[in-house]
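Asks: Only the shape, not the letters, is given here:
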């Protein structure tokens, strides 16, 4: 005789994905401060202990949501190739990730949460330094690669904040092609040019 299954779903990869989706939705709607482990668990129809099992803490959940939102692998594909055109490739790919209907809304929501609490800001700092700037620095055959990588990252992050979070004009209305034309030379100078 088969017993009927009751209770909340067990911890499977699909469950982990459902928890992450619920967390991203909560960060989108409520921000970092108002998102809770219990609320995410309720939305994903799991026990809060399962959220803790997969992610360890609210900060771990936010870190996972940030990594899910910001597809680092897609950005890193541009690192191979001629370094003299890396600025244009990196700028274009970065904008494409923000523009994508799949990744863009998640990035905007998760990154938008960093202003609400120091913990979220620290996670973002660690992410930018470790996941974005460090691989970029390793690809640069120039002096001061760490400085160059973080300056280029800051240029791109600033542009994204102005365009996607603050909607500053005329940056918000420019096409991707226009932004590449205007921004990529500055990114390229940070990567390979004279830093003065």
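Replies: Thanks, I have it. Keep in mind that this is a model prediction, so the values were computed, not measured.
Asks: pLDDT (mean, whole number) over stretch 158-173?
Replies: On average, the pLDDT along stretch 158-173 is 94.
Asks: which helix of this structure spans the most residues?
Replies: The residue-count maximum for a helix in the chain (DSSP state H) belongs to helix 13-34.
Asks: chain center to that helix, what's the gap?
Replies: 14 Å (CA atoms, centre = their mean, to the nearest Å).
Asks: Could you list the residues in contact with that helix?
Replies: With contact meaning CB atoms under 8 Å, 6 or more residues apart in numbering, helix 13-34 is reached by 9, 35-36, 39-41, 43-46, 50-51, 54-55, 61-62, 64-65, 68-69, 105-106, 109-110, 112-114, 116-117, 119-120. From N, CA and C alone the C-beta is placed, and that goes for glycine too.
Asks: Walk me through the domains of the chain.
Replies: The chain breaks down by automatic domain parsing into domains covering 13-68, 71-192.
Asks: Can I get the ones you listed in a markdown table including mean neighbour count?
Replies: As requested, those are exported to a markdown table (neighbours: other CB atoms under 10 Å):
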| stretch | mean neighbour count |
| --- | --- |
| domain 13-68 | 18 |
| domain 71-192 | 17 |
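Asks: Looking at the helix or strand hosting residue 67 now, give me its mean pLDDT.
Replies: Per DSSP states H and E: residue 67 is located in helix 58-69. In this model, helix 58-69 has a mean pLDDT of 83.
Asks: other SSEs contacting it?
Replies: With contacts defined as 3 or more CB pairs under 8 Å, 6 or more residues apart in numbering; DSSP states H and E, the packing partners of helix 58-69 are helix 13-34, helix 37-44, helix 48-55, helix 104-112, helix 118-127.
Asks: Residue 192: which of the ones you listed is closest?
Replies: With CB to CB as the criterion, residue 192 lies closest to helix 118-127 of those, at 24.3 Å.
Asks: Go ahead and name everything in contact with the helix or strand that the closest one is followed by.
Replies: Per DSSP H and E, the first helix or strand lying C-terminal to helix 118-127 is helix 134-138. Identification of contacts with helix 134-138 by CB under 8 Å, 6+ apart yields 72, 76, 79, 90, 145-146, 148-150, 152-153, 191.
Asks: re the thing from before, the helix holding residue 67 to helix 37-44, inter-axis angle?
Replies: 50 degrees (axes from the mean of the first three to the mean of the last three CA atoms, to 10 degrees).
Asks: Helix or strand next in line after helix 58-69, which one?
Replies: Downstream of helix 58-69, the next assigned helix or strand under DSSP H and E is helix 72-76.
Asks: right, and the helix or strand after that next one?
Replies: Following helix 72-76 in sequence order, the next helix or strand is helix 86-99 (DSSP H and E).
Asks: for that next one, packing partners?
Replies: Applying 3+ CB pairs under 8 Å, 6+ apart, one finds that helix 86-99 contacts helix 72-76, helix 104-112, helix 145-160, helix 176-192.
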